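Trainee: Turn this into a model:
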Amino acid sequence: MQEQRRAIWSWAFIDWANSAFAIVVMTAFFPALFKDFWCNVPGMTPERSTAYLGYANTVSSALIAVMAPILGSIADQGNGKKKFLIAFTLLGSAATAALPLAVQGRYVLAACLYSVAALGFSGNCMFSDALLTDVAEPKNYDRISALGYALGYIGSGGLFAVLVLAVADPAKFGFAGKIQAVHTGFWVTGAWWLLFTLPALLWVQETPARPAAGKGSVLTRGFRQSAATFREIRLDRRILLFLAAYVLYIDGVNTVIKMAVDFGRSIGLDTAGMMKALLVTQFVAFPAAIVFGRIGEKFGAKRGIMLGIVVYAGVCLFATRMDTQREFFIMAVVIGLVQGGVQSLSRSYFARLIPAEKGGEYFGFYNMLGKFAAVIGPTLMGVTALLTDSRTSILALLLLFGGGGWLLTKVRDDDVTRVNG
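Mentor: Have a look, this model is predicted:
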């Protein structure tokens, strides 16, 4: 029992580790610096910088989308989920720490380093998700998945709070200016990400794989098993419907995360005020993620996800009329109430649908579709911003939330219950 508890907490601390990148780099400081520092060149417009940020997110998402199913199958065949976890962690943390190498105006280099870091983050999340089936029983998926997200919010929130204070008053922390404070934040985030991933490598044990039929290397068997898993998914209606819904609504969620600060800057809001709003969001999201875990256990994960989708759709409508810092603060808090819930319940809901010993390959497809969807969202917002304006661009996400919610209603709960039972 003690070993299982230690494994659960070690796994949950992966979220504590990688969430620092999600809030510090992806959501907050990189979009702000990208628009105000790296894209501070003659002829650059807010719409163009928004489009470039969208393209940078698209590149990393497309790469992991292509690689995910094969890597997942290879990891399962070679019991290598933890090996891939540390490989992507090293890639992401190193690229994050290298961001300060891009000097002012070098937006192409900054975008490339960010894309590599985001690729590491996506791969890290993929293999962290896959390990859920190794540390928990199906009846506990909702609660333990929510524990991970909750730890992620409180841990990264603490780090983010220190960085917000440092950027607000650089001299007090010994920095020459705000840019140096942010650069130091990138270095610390890279180290934080790597350090708190290490416990999972020590104490999480993978479920032994069932080798694919036939001979060959791990790579050959991985490709063979990936093809077999694709056929299995294609014939399983409940998984197909859920993944189709997930592609749409999680695209909307991820796009809001990645583009919120850029959206705020594009409509003229103050960066410092938005950072404070995001900081409060982290601490609101901590108890909210725990509550959503209980909602999943009591009312079902699907109902919890649907609640989050409805809230996100409302946020998109609200954002088109947002003009003040106070309104951005309200929007950020509302998002914080549902963001972790949607993500954690999606992970636990899918985990119930799949064989535990095939977690890597199934979550490979899960993450492939999630990241492929993320190719659509930022690009859609970027193109819409160029064709109309930055404020209108967020309405495009209503198609994603509406379509995802409708498809999710088609997944029969008795199908999921039968898998659980």
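
Trainee: going forward, measure contacts and count neighbours with C-alpha atoms only.
Mentor: Noted.

Trainee: shaky segments in the stretch 51-200 of the chain?
Mentor: For the stretch 51-200 of the chain, residues meeting the criterion pLDDT under 70 lie at 76-78.

Trainee: Show me where it has its helices.
Mentor: 81-98, 107-130, 132-135, 141-168, 178-195, 198-203 (DSSP state H, counting those that start in this stretch).

Trainee: can I get the ones you listed in a markdown table with mean neighbour count and distance to Cys39?
Mentor: A markdown table is the format used below for the helices of the stretch 51-200 of the chain (neighbours: other C-alpha atoms under 10 Å; distance: least, C-alpha to C-alpha, whole Å):
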| stretch | mean neighbour count | distance to Cys39 |
| --- | --- | --- |
| helix 81-98 | 23 | 18 |
| helix 107-130 | 25 | 6 |
| helix 132-135 | 24 | 40 |
| helix 141-168 | 24 | 19 |
| helix 178-195 | 20 | 14 |
| helix 198-203 | 18 | 36 |
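
Trainee: so can I have TSV of the ones you listed showing distance to Arg326?
Mentor: Supplementary listing: the helices of the stretch 51-200 of the chain in TSV, determined by distance: least, C-alpha to C-alpha, whole Å:
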stretch	distance to Arg326
helix 81-98	31
helix 107-130	30
helix 132-135	38
helix 141-168	18
helix 178-195	23
helix 198-203	39
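
Trainee: Compare the ones you listed and give me the one nearest Gln325.
Mentor: Distance to Gln325, taken as C-alpha to C-alpha, is lowest for helix 141-168 among those, at 16.4 Å.

Trainee: Report all helices and strands that the closest one contacts.
Mentor: helix 2-20, helix 178-195, helix 271-299, helix 325-353 (3 or more C-alpha pairs under 8 Å, 6 or more residues apart in numbering; DSSP states H and E).

Trainee: got JSON lines for those helices, with distance to Tyr312 too?
Mentor: Written out in JSON lines, the entries for the helices and strands packed on helix 141-168 read as follows (distance: least, C-alpha to C-alpha, whole Å):
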{"stretch": "helix 2-20", "distance to Tyr312": "20"}
{"stretch": "helix 178-195", "distance to Tyr312": "28"}
{"stretch": "helix 271-299", "distance to Tyr312": "14"}
{"stretch": "helix 325-353", "distance to Tyr312": "7"}
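
Trainee: so which of those gets nearest Leu240?
Mentor: Taking C-alpha to C-alpha as the criterion, Leu240 comes closest to helix 325-353 out of these, the separation being 10.6 Å.

Trainee: chain center to the closest one: distance?
Mentor: 11 Å (C-alpha atoms, centre = their mean, to the nearest Å).

Trainee: again with stretch 289-299
Mentor: Averaging C-alpha coordinates over stretch 289-299 and over its chain gives two centres that are 20 Å apart (C-alpha atoms, centre = their mean).

Trainee: I'd like the average pLDDT over it.
Mentor: This predicted structure assigns stretch 289-299 an average pLDDT of 86.

Trainee: List of residues touching it?
Mentor: Contacts with stretch 289-299, where a contact means C-alpha atoms under 8 Å, 6 or more residues apart in numbering, come from 142-147, 149-150, 301-304, 337-338, 340-341, 344-345.

Trainee: Can you mark which positions in that stretch are buried?
Mentor: Of the residues in stretch 289-299, those scored as buried under the neighbour-count criterion (16 or more other C-alpha atoms under 10 Å) are 289-297.

Trainee: Closest one of those to Ala245?
Mentor: Here the nearest of the buried residues of stretch 289-299 to Ala245, counting by C-alpha to C-alpha, is Gly296; it sits at 17.7 Å.

Trainee: Nearest to Ala51, out of the helices and strands packed on helix 141-168?
Mentor: helix 271-299 (18.9 Å).

Trainee: After that closest one, which helix or strand is next?
Mentor: The first helix or strand that comes after helix 271-299 along the chain, using DSSP states H and E, is helix 301-319.

Trainee: which helices and strands sit right next to the helix or strand Glu47 falls within?
Mentor: Glu47 belongs to helix 46-77 when elements are defined using DSSP H and E. In this structure, helix 46-77 makes packing contacts with helix 81-98, helix 107-130, helix 218-235, helix 237-266, helix 359-387, judged by 3+ C-alpha pairs under 8 Å, 6+ apart.
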